[in-house]
Each structure stands twice: as structure tokens, then as C-alpha cells.
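>>> coords below, sequence missing:
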């Protein structure tokens, strides 16, 4: 369904804003016979702000041209002191999923991957419980059980890091009910996506559905965000809400919220895979 | 457009749940030749919960029957220890609007009232500023300027209470940027509707749009609620959100949020007028 | 998660409106010691309209009381010439799923059923293709392949009817790309739910996503409806839409539309299971 | 509120796609010391498709630089056979509103203009009825009554064209219930915005709310589109929907639909003013 275009590449840039960036980048692409398909630029402030750019382009002779672009662009990048990344469509990203017991976000991602809606490889699913093993293995994906207790937290994270090492590009916490240590997060900066079961910053912390029930809210939400050291404070990628009413019990809020979680997480993951997200401070630019 | 049915009445009931309530009410209505058009019942818990009911019914000979119903129902109510209210369609509710400088919620209500979308009388608009006087008077509605300073707060509230006395049934704070005292609120329990410019409980307190901008949220919201002693903690009536993105400045969030405010407030006011809201604790049942 | 309350029953009624219905029903329930938990009534027109009612109630001694209610209510029903139905919570509904090749709606229903979000039995999945067999059997559900060609349509439908006979209460067409004959539909009046991949009545007929792409719409939708003789004209149960823009190819509209399909269908199925839907003419009342 | 940046200009381009466009445009802007604030590009197909571009940029010495850009860009445009437009922020667009009797869309636009939410001048409102005169004149805006009958249609349109001549840049049909002739439309190609009271292409033609009521839809919508010769077939700019249910009468669908109309139209007008819309065939690109 979702067709990968084998000769299409994506370039992502962020740097301090100053005149000439777009001109330099587009001239570079023209010289390398790239044909721009879609492009977005944005600056937080034309005076002293940060500049963001994302370009999708087609290459005529991909195999010979792509490596040249990768090599040559560094001089342009140096001129403007850019953070940059070139995305190769022929190298699918590799996503690990971490999950605890509730499987709705996990199943959403597994199904979408198999249906071709998210072009990604899933080399493994890791869980601190055995509950989802059968469902994962039915998709032909390796499942690793890494239990976590208060005492073994450090060792467990170490074990997970070893499993991931060299095998994955980013991690999705699909209702993984363990807080990752700063040290763990450091290994995957802006590469860990979490789904929080509330409309952040409302109901930060534990038991959001119970608290939503007690407060009597009329919309229930979910937030997909990158994980940082500050719990629930990482850059927000996507949020969604669904309408509820007085008839909903706390449990029914939870069931409804699951939908919002699946939708928000699936969108966030799909944008991440498509290199549409640029992070600055605790915010995201989504192109 | 919105046709008042002159022979239609509404009965609202809440009481501790126990068997026989619906039967007693419907038998009473049948004996008084009322024809039920629409009815809703809900109980928080069939064992020891609170029961809520709203019935709309048509009366055949309204002028003679309605007073009888009003009189006779008290014995039913006594049997079940009910809180109850009978709403007479021929007596339009009277709504005062309190506003400061921003006029978007005010204009929404004035326009809807004139267009016949909300069947209500507006005997007065009161403001602590002169800014909206011309707009209000263009609608032929009396405008009162009651300035408020830290020192005169008590006198100002007294002045407002005198203006309202006997003239209005409920109050809408359409972006009225003063916190009402407990004493003031006591005069109009569950009869003061406020529009808060955030998706509560997110961004409780001041400057929600600025804080939403800083947090980088992807949805911006508004909350209509009844005013109680606890600031921003009153029973939520309605909430709405609109999608925003990284391109929105704090000012543009504010403009977008205005729309959510207008929509949420207009719905809340219209349900209040139509006697669709029952309050219990800090929650609402909306029938 | 979704807790079945074993002593809770539901009564659904529709009949010509006239005074006394609610009173008779609630007195009947009181006499049978039923405690009303939630109830809705609606009339299309108090003068000569149709009256609809849905009551959820708890019974104290379910096993002995329920059969009595079932037996005794017929005399109340006769007095008012009612269509009525009593739903027993201890008898889970049995749902057959018919599907062709695309599995997103199928997987949504299978997952929700297993997660306990929709309390229903799924005795079988029937398909005119083999594609979804493995996925279905992984859930432990029998899968039947009944191919359909232009020539064998009649026999195929006969085969399906035999498979269903006595085994299912209602049918979901989860992207089943065959048009059912009038004769087939007659066997399951208002018991076949279809998901149409457009916001009906827009794009009735084939290839709605292609046509939506050509028309340049900004929202893409889906419609769940009961199947009647008139293709795409049956009573609408639920609709949903998602925002799209000029960047979406026809294929991406399709992927986006799948989400709307899953959401709308899951809601419709869940309301059907919970006996919340009453049909009149080509419309539905959803309580 | 909405701050016009006096040194910011916008350039809109469409042309057949081929390599080098972005490079040429960005080099041109760099040479003229323009600082790009935001930019979007899109191509319908990198092989033989149409290319669209919108750039917002700041100029250092606006008064001297802007005329140069206006003059010099034509040679770039010629090289690529571009359709292009340069928008001067210091020249506010001038919008005429045509309206019949229903004033909700009119009031929405008048209020937003006065509140500074849409930076536009409104030199006149024209109506075929007198109903909205007072409301318009209260805003200090000239109101012209141009009655239309079947016989005088041609003369009336002529009269309107004369009123508009040289005074306005674009026209909004804010529930103007007359069909404009092809000849009239020719004078303002892609400069007439209409709000249609349905979710097009559903319920094309007359009485959409009545037909929506009869069909029993669960969402009610509105569509803002550019007016072309083909009635209801012009390029769609924006659509919105709101949820309704079986309790809504045809009149209540209408009231609800008004909200969707106001929201969709206000967005479309605001994007048009901000030069965010590019038209090709019967579609729009919204940047």
C-alpha cells in the first residue's frame, strides 16, 4: 500500500537563522541533480532565531548520487554550522517496542507495520511481562522477556541496552509502565517515543483516567512525546482527544482513552519514521 | 428559528436512588395528562447512588394544568426526598453577562440571542471597563460600567449584586477577568457560568496561552464550568479543543483559543437555558 | 475490563406514541422489583409520532425474575401494540464477520473482542478469499472460505446462510466486497452492519477514495450502517471523518480512511451489542 | 492582536515542475537581501507535475527593496514560465461581502475583522435584502441594497459589478442565496469564496439540511470553496463537520450547521487573505 520511492531522499536541517541557507541548500541539490518534491522551512524568529528545513527530493541515479550528496553536504553544513541528517529511503528504520501488559498500542503498531502503513522493521519486542508473547510471536517477531523489579532495575536496563545494541534505530514505549533512567535515555536522545495516557500537561503522573473521572472532564486525551530526563515533560509530538460524558465509568474512560492513545501514538511513530519531526528545546517542529 | 413550544414543560429531579422513582413520576405525569416527549434517567450507582432525571412533556391545557403540577408534585418529591425543579417554557430565563475587555464571548452570546438560537432574555451587561459599551448598546441592551480595583472590590461586587437583584436568573462570565468572592458566588449557586481559556485541568491559573505556547501543546482548548469557591475547580459543563502547530505564536494560540472559548461557552449556556444540566459534587450530568 | 453485570437486563421498546407508556413500563418494572439504572425515551412527534424507549435495570433475584419479566411483559406490550425486545446480559450476542482481502476492520474487531472491549462471541469469520485465514485462526476463531463468482453468487450465499444458521445473532461486513442479495438480507433484518468507505451520502458506490482525491475534499470519512435492499441507503449508525490535505495521494487517503472505518465500525458494533440502537424507516435512534 | 509585520512580503508561485526552481528563487531572494521566514513547496508529481511554492520573507529596507523585487522577479518567472504573485503586507486586501437574509456568516466576518483577527478592509456589504443593513452600518461599513428578481438578474449583477469596480480585491458570499452568472464569475477568477451549507459533495444543491435530516446523517457539515461556473463544484478550500443525533430536528441541524459554516468560512477567508491558497484545476493547495 504505502509505496517506498526507491530514489527519494530526505534532508533535515536545523541551525541558527541567517540569510542564504535555503539558497545554499537548493543550489547544492540542483548541482547534484536532485529534484525537490516537497520542502518546508520555518524559523522561530527571523532575527536570531533557529531555522528548520526538511526537503524531500528525487535523485536520477540514486546509487551513485546518494553517497556523493552524503559526502559533499558536510561543507555546506559547516558554512552554516548546521545539525543535519540525510535519510536514505532504502534503509528502513528499525523500531523496538517496549510494552508491559496492556497490548492495544502494541497491536496497533504490529498491525500497521504488517499492513504496510508504517514502513519500518521491528527486530524485537521487549516486555517486563510475558503477557504479550504469543501475540508478538504470531507476527513472527522475536519477543524478549526482561523482568524489572526495584532492585534489578539497573541490570534490567543494561540487559535491554544489550538487546537493542546495533539492532534498532529508535524505541517506542507502547504502554511500558517502567520509568527509564537518565542513563538509559542518554543512549537514544530524541529516539524514544512514549505514549502518555492523558492530555498533557493535564493529569501528569499516575492514574490519569481515575483523576479524569474524579474531575469530571468532558474530553479524554493522550499525548505522544519524546522521552527526556524530565518525566512527562519531553517534547510533545502529537495529542488527541475523544468526547466522553457523565455515563462513562473510570473503566470506560480507560477504554475510550485507549483509542486516543492508539491514534496519537501511530501518528507520532509514522512521522518519526518519515523524518518529519525536528526537536528544539522541549518542543517539536512537525513538517 | 428556535421555536419555543408554549405547552411544553421540563421537570428535573435528583435524589438518592431507590426503586419506584420513575414509576411514581410517570404515574404523576400521566394523571396530570402530560405527554412525555423526551426523558433521561441516570444513576451513579444502583446501590446507594444518586438518581438524576429530566423529563420534557407536553400539557394539553397548559394554563390550568401547569400550576397544578407545580403544586401537586411536592408530595411526590417529599416521598423520595427529591431536589426538583419545574421549568416553565413561557418564562424565559434572564441572563446577565459580565465582561472585561475582550468581547468575543460577549458578541457570540449577543448574536446568538438575537438570531433566536438561545431563547433567553439579556436584561443587562456589566463590565469593569467601558470598552464594550457601544457594541452592547447597539443591541439595545443596558450596559453598566462597574469599575473594580483592589480596594473597591467589595463595594463593586455589592454594586453588581444590586444591579442583578430580582432582574436575572443566572450569570455568564464572558471573559470577566475578576475573581468573584465566595460571598458573591453564594448568591448564585450553580448559576454562574465561566469560560476558562484552557483545557482544564491543564494550565490552571493565569496566562494559559503563554504556558501552552511554552509547553508546545498540539491542541488548544477551553472549558466552560460553574463557578464555585474553588477557582478553576467548579463543575465542568463543556470543553472543546482545536488543533494548532509549531507555526502558531502565543498570540495566534490566543486567537485560535477564542474560537474554542466561544464554542464551549455557547454550548454550556444553551444547555443551561434548556435545563439540561444537573450538578452533583464537582461534576455535571448533561441530559 | 468491560464488566458484564450479571443481574442487569435491558428492555427496548418502540410503538406509536400515546400517553401512559412510560408509566405502564415503569410500574411493571417496579412490580417486578427491577431497579432502573439508566433510561432514555424519545418521541419523533408528541402528536402521532413514534415513541422509543430503552431501559437498563438491575434485578434482585435474576434467575427467577428474568423469565417472569419476559413472560409478563407481553401483556403490557399488547396494550400499546409495542415492538419490544428484552436483552439478557448472560447471553452474549454471537457475531459473524464477513471479510474480503483488507483486514483492518477485521483485526480491529478481533483485537477489541479479545481485549474485552466488546463483550461478544465470534463463532466464525467467513471470507471469499484465503488472505485473512492465518490472522483469524491465530485468534482461535474458525475461518471459512466461501469463494464467490458472478455465476456462483446464489450458491455461495446459500452456503454462507447454512454456516450461519443457528450459530450467530448478527453479521458484520468488515470490508466484504460483495453485494448481498435481497433474499440474503431478509434473513437478518437490521442485523447486518456494513462499513462504507465514505462519508455517506458523498461518494456512494465504487472507488470513494479515488473520487474523494479527484474532488479535492479536506475531510475523509466512513459510515457504518445497517444493510437493507438499497445499496448504501440503509440506516446510518455512525460516521466519522479525519482531516486530510493536498499532500495526500489517493493511496494515502485510503490509509487515512481505514482509521475512520475502524473507529466508526467499532462504535457501531459496540452500540449494537449493547442494544443501544433502534431503527425506524431509514434512520436510527442511538440511546 | 494580529500584528502585521510591515517589512514582510509573500511570494506565490506555480509552474510546471523542473529542476532548479527553488534554487533560482532562493538565490534571487538572497541577492535582494530577503530573509526567508517560512517557505513551502509541493509538486503534484516530480515527473511532469505542477510545482507550487509560497515564501514569506523579511526585507531590510522594505520601501526601496520591495519595488525592486517586484520588477526584477519577472525575469526569473519568465525562465520557468511561472504564474506568480507578490503580496505586499502594507496593502491590505479589500473584501466585499454579499449576503441575503441569514446573517451568521456576515456577523462572524465583521466581528473578526474588527477584532483584528483577519487583517482586511471591508469597503462594502451588498445584499438583495434590507435585513442586515442596521447590523452592517453599526460597524460603520457601507451597505448597498441590490434587489434581484428573475427578470432583473442581469441588471442586478451589472449594478453589483459597478459597485465593486476598483474597490475590492475579492468577494465573500456569506450565505448569498443567488447563483452568480458565468459572466460575473469571470471578473473575479478564484476571488469569490462561497460557503455551502453541506459537506460537499454530499447534498449538492438546495435544502441540504432538510435532506441531511431525511437521510439521518450523524455529522453535519459545511464547505468553503471558490466559485466557478460549475455550481457547488469549485475548488474546496475548507470543510468542517459537527456531530448531531436523532434528537435534532431539521431546524436544529440548521442551527448546528451554522456553526460549521462560520468556522469553515472564517478559516477559508483568513487563508485567502494570508495568500496561503493556490488553485489548480478544481483543487486547492493550502500552505
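On my side now, so go ahead. Quantities reported herein were computed from a predicted structural model and do not represent experimental measurements.

>>> say whether chain B is contacted by the helix or strand harbouring residue A:251.
If you go by DSSP states H and E, residue A:251 is part of helix A:250-273. No. Using Cβ under 8 Å from any Cβ of the partner chain, we find that helix A:250-273 stays clear of chain B, coming within 8.9 Å at best. (C-beta placed from N, C-alpha, C; glycine too.)

>>> just the strands in chain A please.
Taking DSSP state E as the test, the strands found in chain A are A:8-16, A:34-43, A:50-59, A:83-87, A:94-99, A:121-127, A:143-145, A:170-173, A:192-196, A:219-226, A:236-243, A:277-280, A:283-286.

>>> packed most tightly, which of those would that be?
Highest mean neighbour count among these (mean count of other Cβ atoms under 10 Å in any protein chain shown): strand A:219-226, with a mean of 27.

>>> give the partner strands of that one in its sheet and their orientations.
strand A:192-196 (antiparallel), strand A:236-243 (antiparallel) (DSSP bridges).

>>> neighbouring contacts of the first one?
Contacting residues not belonging to strand A:192-196 are listed as A:105, A:170-176, A:180, A:185, A:208, A:222-227, A:232, A:234, A:237, A:261, A:264-265, A:268-269, A:272 [Cβ atoms under 8 Å, 6 or more residues apart in numbering or on different chains].

>>> just want the angle from the least confident helix or strand in chain A by mean pLDDT to strand D:34-43.
Within chain A, no helix or strand scores below strand A:34-43, which has a mean of 91 by mean pLDDT, DSSP states H and E. Strand A:34-43 and strand D:34-43 are oriented at 130 degrees to each other (axes from the mean of the first three to the mean of the last three Cα atoms, to 10 degrees).

>>> who touches strand A:34-43?
Contacts of strand A:34-43 (Cβ under 8 Å, 6+ apart): A:8-9, A:17, A:22, A:26, A:29, A:49-60, A:65, A:69, A:285, A:287, B:246-247, C:247, D:17-19, D:21-22, D:36-43, D:46.

>>> return the distance of that strand from the chain's centre.
Computed by Cα atoms, centre = their mean, to the nearest Å, the separation of strand A:34-43 from the middle of its chain amounts to 21 Å.

>>> ok and that strand relative to strand A:8-16, angle-wise?
Using the same axes, to 10 degrees: strand A:34-43 against strand A:8-16 is 30 degrees.

>>> how much space between residue A:98 and chain B?
Per Cβ to the nearest Cβ, to the nearest Å, residue A:98 is found 23 Å from chain B.

>>> and that residue, what is it in contact with?
Counted by Cβ under 8 Å, 6+ apart, residue A:98 has contacts A:125-127, A:160, A:171-174, A:176.

>>> show me which residues of the stretch 101-250 of chain A sit near chain D.
residue A:243.

>>> check contacts around whichever residue of the stretch 51-200 of chain A sits closest to chain D.
Across the stretch 51-200 of chain A, no residue is closer to chain D than residue A:58, which sits at 4.8 Å (Cβ to the nearest Cβ). Each residue near residue A:58 by Cβ under 8 Å, 6+ apart is listed here: A:5, A:7-8, A:34-35, A:37, D:46.

>>> repeat for residue A:65
Residue A:65 neighbours (Cβ under 8 Å, 6+ apart): A:32-34, A:59.

>>> which one among those gets closest to chain D?
For the contacts of residue A:65, the nearest to chain D is residue A:33 (6.8 Å; Cβ to the nearest Cβ).

>>> wait, isn't residue A:9 in contact with residue A:63?
No. Checked against Cβ atoms under 8 Å, the pair residue A:9 and residue A:63 is beyond contact range at 11.8 Å.

>>> and the residue of the stretch 1-150 of chain A closest to chain B?
residue A:42 (6.5 Å).

>>> residue B:248 versus that residue, what's the distance?
Distance, residue A:42 to residue B:248, by Cβ to Cβ, to the nearest Å: 11 Å.

>>> returning to that earlier point: which residues does the residue of the stretch 1-150 of chain A closest to chain B form beta bridges with?
With DSSP bridges as the rule, residue A:42 is bridged to residue A:52, residue D:38.

>>> skipping adjacent residues, who's closest to the residue in the stretch 1-150 of chain A positioned nearest to chain C in space?
Going by Cβ to the nearest Cβ, chain C is nearest to residue A:138 of the stretch 1-150 of chain A, at 4.6 Å. Using Cβ to Cβ, 6 or more residues apart in numbering or on different chains and skipping residues adjacent in sequence, the residue nearest residue A:138 is residue C:138, 4.6 Å away.

>>> run a quick neighbour tally on that neighbour.
A total of 14 residues lie near residue C:138 under the criterion other Cβ atoms under 10 Å in any protein chain shown.

>>> now residue A:82
Neighbours of residue A:82 under the rule other Cβ under 10 Å: 21.

>>> kindly report the same for residue A:259.
21.

>>> same question, the one 4 residues further on
Each residue near residue A:263 was counted by other Cβ under 10 Å, and the total is 22.

>>> follow-up on the earlier one: kindly indicate which of the contacts of residue A:65 lies nearest residue B:201.
residue A:34 (48.6 Å; Cβ to Cβ).

>>> dihedrals phi and psi, the nearest residue to residue A:154 once chain neighbours are set aside?
In space, and not counting its chain neighbours, residue A:154 is closest to residue A:181: 7.5 Å by Cβ to Cβ, 6+ apart. Taking degrees, to the nearest 10, you get phi -70, psi 160 for the backbone angles of residue A:181.

>>> near chain C, which residues of the stretch 151-287 of chain A are found?
Residues of the stretch 151-287 of chain A lying close to chain C (Cβ under 8 Å from any Cβ) are A:247, A:251-252, A:254-255, A:258-259, A:263.

>>> repeat that for 6 Å
residue A:255 (Cβ under 6 Å from any Cβ of the partner chain).

>>> residue of the stretch 151-287 of chain A nearest chain D, please.
For the stretch 151-287 of chain A, Cβ to the nearest Cβ, closest residue to chain D: residue A:243, 7.9 Å.

>>> what number of residues are in the vicinity of residue A:112?
Residue A:112 has 22 neighbours, counted by other Cβ under 10 Å.

>>> point out the residues in chain A that sit beside chain B.
Counting by Cβ under 6 Å from any Cβ, chain A sits next to chain B at A:201-202, A:215-216, A:218-219, A:236, A:238-239, A:241, A:246, A:283, A:285.

>>> want to try TSV for these, with pLDDT and distance to residue A:88 as columns?
Shown next, in TSV, are the residues of chain A next to chain B (pLDDT from 0 to 100; distance: Cβ to Cβ, whole Å):
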residue	pLDDT	distance to residue A:88
A:201	92	37
A:202	91	39
A:215	94	47
A:216	95	50
A:218	97	46
A:219	96	40
A:236	98	28
A:238	98	25
A:239	97	30
A:241	95	36
A:246	94	52
A:283	96	27
A:285	96	22
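
>>> pick the one among the residues you listed closest to residue A:76.
residue A:285 (20.3 Å).

>>> which residues does that closest one contact?
A:42, A:52, A:278, B:246 (Cβ atoms under 6 Å, 6 or more residues apart in numbering or on different chains).

>>> give me the pLDDT for the second one.
So that's residue A:52. Confidence at residue A:52, expressed as pLDDT, is 96.

>>> check the third one too.
Residue A:278 is assigned a predicted lDDT (pLDDT) of 97.

>>> residue D:132 versus the closest residue to residue A:45 other than its chain neighbours, what's the distance?
Counting by Cβ to Cβ, 6+ apart, residue A:45 lies nearest to residue A:17, which is 7.2 Å off, once chain neighbours are set aside. Here the criterion is Cβ to Cβ. By it, residue A:17 lies 47 Å from residue D:132.

>>> do the same with residue A:108
Taking Cβ to Cβ, one finds residue A:108 at 50 Å from residue D:132.
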